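Trainee: Below are the sequence and a predicted model for it; my questions follow.
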Amino acid sequence: MIFNNDRLIELGLSIHPAPEPVGSYVQCVQANGLLYLSGGISVNGDQGIYGKVGQDIDLATAQQAARYALLNRLAVIEKHLGGFDLLTRIVAVNGFVNCTPDFTDHAKVLNGASDLLVELFGPEAAHSRTAVGVASLPLNVAVEISMIVECETDYAG
């Protein structure tokens, strides 16, 4: 997969350094050519989106929150693999939306992340996905995303 950094800049986005874990876990684990990423919240550097979708924030803001959470996870991939050259496939994106009980557009929220992946890596970044609503998320963030990606199997991490 080829990462399009020019497109990232065109969109006015950037990948900030990978955050350190805030609990008893690691950001990712590599096994058998797959990289399993822990959940990353809708904070990218000093930019964050907090609140409950359908109450505090609208759909467009929630989609931006999904992009921030994705950029947060891309930072972990970039740090672990030393860039994106060893990344071969986006396998799965799992998204959690902090929302009101009557909010039902979880998939539309996660389109913010899925569409960004395709913009940055091309159509080969198409992936499986889960989008669910939850009653709350850590720090009251709007979105949390975990991922599974495939990478070169000869890389030992």
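Mentor: Done, it's in.

Trainee: use CA for all of it now, contacts and neighbours both
Mentor: OK.

Trainee: same for the longest helix along the chain, what does it pack against?
Mentor: Assignment by DSSP state H gives helix 59-81 as the longest helix of the chain. Secondary-structure packing of helix 59-81 (3 or more CA pairs under 8 Å, 6 or more residues apart in numbering; DSSP states H and E): strand 34-41, strand 43-44, strand 47-48, helix 106-121, strand 143-151.

Trainee: report the angle between the axes of it and strand 143-151?
Mentor: 40 degrees (axes from the mean of the first three to the mean of the last three CA atoms, to 10 degrees).

Trainee: after helix 59-81 comes which helix or strand?
Mentor: For helix 59-81, the succeeding helix or strand toward the C-terminus, using DSSP states H and E, is strand 87-98.

Trainee: returning to what we had before: in the longest helix of the chain, which residues are buried?
Mentor: Of all the residues in helix 59-81, those buried under the rule 16 or more other CA atoms under 10 Å are 59, 61-78, 80-81.

Trainee: Minimum distance to N94: which of the helices and strands packed on helix 59-81 has it?
Mentor: Evaluated over those, closeness to N94 peaks at strand 143-151, with 5.2 Å, by CA to CA.

Trainee: Sheet-wise, list the partners of the closest one with their directions.
Mentor: The pairing partners recorded for strand 143-151 under DSSP bridges are strand 34-41 (antiparallel), strand 87-98 (antiparallel).

Trainee: Tabulate the ones you listed in CSV, adding columns for mean neighbour count and mean pLDDT.
Mentor: Below are the strands paired with strand 143-151 laid out as CSV (neighbours: other CA atoms under 10 Å; pLDDT from 0 to 100):
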stretch, mean neighbour count, mean pLDDT
strand 34-41, 22, 97
strand 87-98, 22, 98
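
Trainee: could you dump those to JSON lines with distance to K52?
Mentor: Formatted as JSON lines, the strands paired with strand 143-151 follow (distance: least, CA to CA, whole Å):
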{"stretch": "strand 34-41", "distance to K52": "13"}
{"stretch": "strand 87-98", "distance to K52": "5"}
